[in-house]
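Engineer: return a 3D structure for these sequence lines:
(4 chains)
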Protein chains: 2
Amino acid sequence: MHESERHRIILSAVQERPVVTVPDLCQLTGASEATIRRDIAQLHMQKKLRRVRGGAEAIAPPSFVGINARPFALQEGIHAAEKRAIAKAAVDLCDDGDAIIVNGGTTTFQMVHPLTAKRLQVFTNSFPIAEHLLKHSRNTVLLPAGAIYREQNIILSPFDADGSSHFYARRMFMGCRGIGPLGLMEGDPLLVQAEQKLIGQADELVVLADSSKFGQRSSLLLCPLARIHTVITDDRIDDRAAAMLEAADVQLIVAEVPAADRKTRAQED
Amino acid sequence: MHESERHRIILSAVQERPVVTVPDLCQLTGASEATIRRDIAQLHMQKKLRRVRGGAEAIAPPSFVGINARPFALQEGIHAAEKRAIAKAAVDLCDDGDAIIVNGGTTTFQMVHPLTAKRLQVFTNSFPIAEHLLKHSRNTVLLPAGAIYREQNIILSPFDADGSSHFYARRMFMGCRGIGPLGLMEGDPLLVQAEQKLIGQADELVVLADSSKFGQRSSLLLCPLARIHTVITDDRIDDRAAAMLEAADVQLIVAEVPAADRKTRAQED
DNA sequence: TGTATTATGATTGCATATGATCGAAATTGA
DNA sequence: TCAATTTCGATCATATGCAATCATAATACA
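Structural biologist: Got it, this is the predicted structure:
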C-alpha cells in the first residue's frame, strides 16, 4: 500500500463518516498508526481534512450526524495482515471477465482492494463492498433485493425471489466464524440466511478463513466440509487442520503473508 | 515491446485503476523497473499522468470524489433551490412509519436531506439515496435486485423478479424529464424501465417536477396524466400548466422556495 | 556490413517511508 | 486533584523505492 492510495482511502473515509479514528484507518489501509498519523498530518497541511485528537474529520463537517460512525471495523484488528493476504490470494483466482459472488463479512471485505484492479462481474449482498467497488473500480456490481441490515451491513430479503437465483457464478467467496470437522460454522443467523441463498449459485465454494478460525466452534452449522471446494488460509495453519481438509477433499491454498505486514505477529506470539 | 506500446498500456492502466505500482506495470508490460520509471518520468513531463512514490496515478482526480458527486453535480446547479423546496414538500407528506418508494433521479435525490429526520421504510432503486439514508438516517432502507448502472446511479434488473413486487407503499415519489398534456415524459430508457417496475407498487403516484419541466417534451412517454395522483412543483408554475393538471384531476402542491435560496433566479430572469 | 545512436536492464549507493518503542501530554473518571 | 488510560511526538532500525552508472542489446544510418 502506497502513500497516494492511503491518502485516497483516508479522504474517502473522512467524507463518508463524520469522524474517523486512527485505528479505523489502520484497518482500512493496513498501515501502522505512525504512518496514519503522518498521513493525517500531511493531509491536514494540505487542508484536505481537519486533524482532531483521535483521528480526522472532514474539513466541512456534515450538518447531520450519521448513526454508524464505524461500519464494521470493530470486529477485526487482530488478524488484519492475514486477512489481507488471504483476500489477495482469493482475488488472484479471478480473471477479468469472471462472474463471482462475494458474501458479506469482514474477511471478504478485504477483497475490495485487490479487486479494484480487476474487471469482473461481482454479485454481493454486502452494501459496503458494493459501494467500494462502485466508487473505486470498474467492476460490474450486482445486488440482491432486500432490506439493508445496518449492523451486519448486508442486504437480505425475507422472500425467495430476491434476484440471487438469476445470477450464477464461477466462484462464490465467503468468510465464516469457524471451521471444523463438522463443517462451516457461522454465528449470526442473518449471515447464515444470506449465505444459504447464495451457496448454490456458484460452481466452486471458496472459503476465506484465517488460521484462527480452525477449531473455532459456533452455534450455527452452515454446510459440511464436503461442500467446500477451496479454503484459503494463512501460513499459520497447523498440520491437523490441513489434514482435516485434505481428508474432506478440500483444496487448500496457503496465502503468504508479506513480511512487511507481519510485524504485528511479535506481540501475538 | 516498444516504448509507445508501453506508454499506451501505462496510460490505460492509470485510467482504469486509482493507482498503479511500478511492479504492476512491469508485470503488465514485461519491462524492467528502470524502464517503467523512465516511462513514468517521461509521461509525467508530458502531463499525461502524475508521478507518485511507488508508481503513478491519473492526473484527473487529485482527491477522489464519490461516483455520485460528478453526474449529479452537473444537473444540480440549475433549479437547485426549487428542487430542494419541492423535495422538502414531498417529504412533508410522510409520517413516521410510512412506507414509500423513491425512484432514482436528481430531483428525488434532494429528498435525502429532509428524510434524515424521518423514520420511514424507504424502497429505492437509487444507490446514492440508499447510501445516504443508510449512513445519515435511521430509515429502513430496501433495495431491488439488479446491476448498478454507474451513469444513472440506479439499480436495475433485467428480470421481473427483482423484489420490487413484494414491496407495496403508500406513495411513490419520482422525477421526470418533462410533463405535458400527453403525460409524463422521460429521456433515459433505463430510467423508464426502472420507473415502470415500481409505478404500480404504491397507492399514490407523486411526481416531483420543478416548473421548468412543464412544456418540456421528451422521447419516451411514461404514463398518462390520469395516472398521477399529485404533482409537486415550485411557485413559478404558470396558470396554463396548473389548469392542465386540474383538468386531469391531479392534485397540485406548490412548494414555497425560501427567499434566501432564490438568488440563482436573478441570473435566470 | 560496420558504426553510431538509442533503448534497455542490472547494480550500486542514496534518499525516503515505514513501523516499533518509549516518554510526554492530553483526556477521562473518580 | 490524582491516577489510569489513551493519544501523540520523537527517535531509530529497517525496508522500500529511486537515481545514477555502466554494460548490453536493439535499431538506425551510412
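
Engineer: what's the neighbour count on A:Asp249?
Structural biologist: When neighbours are counted by other CB atoms under 10 Å in any protein chain shown, A:Asp249 registers 10. Just so you know, the C-beta spots here come from the backbone N, C-alpha and C atoms, and that holds for glycine as well.

Engineer: swap that for A:Met45, please
Structural biologist: 9.

Engineer: check A:Leu221 too.
Structural biologist: So A:Leu221, with other CB under 10 Å, has 15 neighbours.

Engineer: how far away is it from A:Glu186?
Structural biologist: Going from A:Leu221 to A:Glu186 by CB to CB, to the nearest Å gives 8 Å.

Engineer: what of A:Ile100?
Structural biologist: 20 Å.

Engineer: what do you get for A:Tyr149?
Structural biologist: 15 Å.

Engineer: neighbour count: these two, which is higher?
Structural biologist: Taking neighbours as other CB under 10 Å, A:Tyr149 and A:Glu186 compare with A:Glu186 leading, 24 against 19.

Engineer: now do the residue of the stretch 51-200 of chain A found nearest DNA strand C, the pLDDT please.
Structural biologist: Nearest residue of the stretch 51-200 of chain A to DNA strand C, counting by CB to the nearest atom of the strand: A:Arg53, 5.4 Å away. Model confidence at A:Arg53, given as pLDDT, is 89.

Engineer: can you report how many residues neighbour it?
Structural biologist: When neighbours are counted by other CB under 10 Å, A:Arg53 comes out with 5.

Engineer: and it, how far from A:Ile179?
Structural biologist: According to CB to CB, A:Arg53 and A:Ile179 sit 41 Å apart.

Engineer: how close does A:Ser165 get to A:Ile59?
Structural biologist: Counting by CB to CB, the gap from A:Ser165 to A:Ile59 is 45 Å.

Engineer: swap that for A:Asp235, sorry
Structural biologist: Using CB to CB, A:Asp235 is found at 42 Å from A:Ile59.

Engineer: just A:Lys118 next, same as before
Structural biologist: 32 Å.

Engineer: domains for chain A, by residue range?
Structural biologist: Annotated domains of chain A cover A:3-57, A:80-264 [automatic domain parsing].

Engineer: dump the ones you listed into TSV; add distance to chain B as well.
Structural biologist: Shown next, in TSV, are those (distance: least, CB to the nearest CB, whole Å):
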stretch	distance to chain B
domain A:3-57	4
domain A:80-264	2
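
Engineer: let's have these in JSON lines, adding distance to B:Met172.
Structural biologist: Conversion of those to JSON lines gives the following (distance: least, CB to CB, whole Å):
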{"stretch": "domain A:3-57", "distance to B:Met172": "28"}
{"stretch": "domain A:80-264", "distance to B:Met172": "16"}
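
Engineer: returning to what we had before: who's more crowded, A:Lys118 and A:Ile59?
Structural biologist: In terms of neighbours (other CB under 10 Å), A:Lys118 is the more surrounded of A:Lys118 and A:Ile59; the figures are 22 against 14.

Engineer: pretty sure that one is touching A:Leu133, no?
Structural biologist: No. Assessed by CB atoms under 8 Å, A:Lys118 is found out of contact with A:Leu133, at 9.4 Å.

Engineer: give me the common contacts of these two.
Structural biologist: A:Asn139 (CB atoms under 8 Å, 6 or more residues apart in numbering or on different chains).

Engineer: state the distance from the residue nearest the centre of chain A to B:Gly180.
Structural biologist: By CA atoms, centre = their mean, chain A has its centre lying nearest to A:Phe109, at 1.8 Å. Applying CB to CB, the value for A:Phe109 to B:Gly180 is 48 Å.

Engineer: likewise A:Leu120?
Structural biologist: The value you get for A:Leu120 to B:Gly180, if CB to CB is used, is 43 Å.

Engineer: neighbour count: those two, which is higher?
Structural biologist: Using other CB under 10 Å as the criterion, A:Leu120 and B:Gly180 rank with A:Leu120 on top: 23 against 17.

Engineer: quick one: contacts for that one?
Structural biologist: A:Cys94, A:Asp96, A:Gly97, A:Asp98, A:Ala99, A:Ile100, A:Asn139, A:Thr140.

Engineer: now the buried members of the residues you listed.
Structural biologist: In terms of neighbour count (16 or more other CB atoms under 10 Å in any protein chain shown), the buried residues within the contacts of A:Leu120 are A:Cys94, A:Ala99, A:Ile100, A:Asn139, A:Thr140.

Engineer: in strands only, show me those residues.
Structural biologist: Of the positions in the buried ones among the contacts of A:Leu120, A:Ala99, A:Ile100, A:Thr140 sit in strands, assigned by DSSP state E.

Engineer: show the average pLDDT along the helix or strand that A:Arg37 is a member of.
Structural biologist: Using DSSP states H and E, A:Arg37 sits in helix A:33-45. Mean per-residue pLDDT for helix A:33-45: 91.

Engineer: which parts of it are buried?
Structural biologist: A:Thr35, A:Ile36, A:Arg37, A:Asp39, A:Ile40, A:Leu43.

Engineer: any residue of it touching DNA strand C?
Structural biologist: Yes. Judged by CB under 7 Å from any atom of the strand, helix A:33-45 comes into contact with DNA strand C at A:Ala34, A:Thr35, A:Arg38, A:Asp39.

Engineer: tell me where the stretch 1-150 of chain A has helices.
Structural biologist: Secondary structure of the stretch 1-150 of chain A by DSSP state H, counting those that start in this stretch: the helices cover A:3-16, A:22-29, A:33-45, A:80-92, A:106-109, A:112-115, A:127-136.

Engineer: any chance of a markdown table for these, columns distance to B:Arg84?
Structural biologist: Shown next, in a markdown table, are those (distance: least, CB to CB, whole Å):
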| stretch | distance to B:Arg84 |
| --- | --- |
| helix A:3-16 | 21 |
| helix A:22-29 | 32 |
| helix A:33-45 | 31 |
| helix A:80-92 | 41 |
| helix A:106-109 | 35 |
| helix A:112-115 | 33 |
| helix A:127-136 | 25 |
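
Engineer: OK, contacts around A:Ile36?
Structural biologist: With CB under 8 Å, 6+ apart as the criterion, the residues that contact A:Ile36 are A:Arg6, A:Ile10, A:Val22, A:Leu25, A:Cys26, A:Thr29.

Engineer: can you name the residue of the stretch 1-150 of chain A nearest DNA strand C?
Structural biologist: Nearest residue of the stretch 1-150 of chain A to DNA strand C, counting by CB to the nearest atom of the strand: A:Thr35, 3.0 Å away.

Engineer: give the full set of residues in contact with that residue.
Structural biologist: Contacts of A:Thr35 (CB under 8 Å, 6+ apart): A:Arg6, A:Thr29.

Engineer: what does the one 10 residues further on give?
Structural biologist: Residues near A:Met45 by CB under 8 Å, 6+ apart: none.

Engineer: neighbours of A:His220, how many?
Structural biologist: Wrong residue type there; residue A:220 is Leu, not His. Using other CB under 10 Å: A:Leu220 sits among 15 other residues.

Engineer: just confirm it contacts A:Gly183, I think it does.
Structural biologist: No. Counting by CB under 8 Å, no contact exists between A:Leu220 and A:Gly183, whose distance comes to 10.5 Å.

Engineer: follow-up on the earlier one: looking at the ones in strands among the buried ones among the contacts of A:Leu120, which one is closest to B:Leu49?
Structural biologist: A:Thr140 (25.6 Å; CB to CB).
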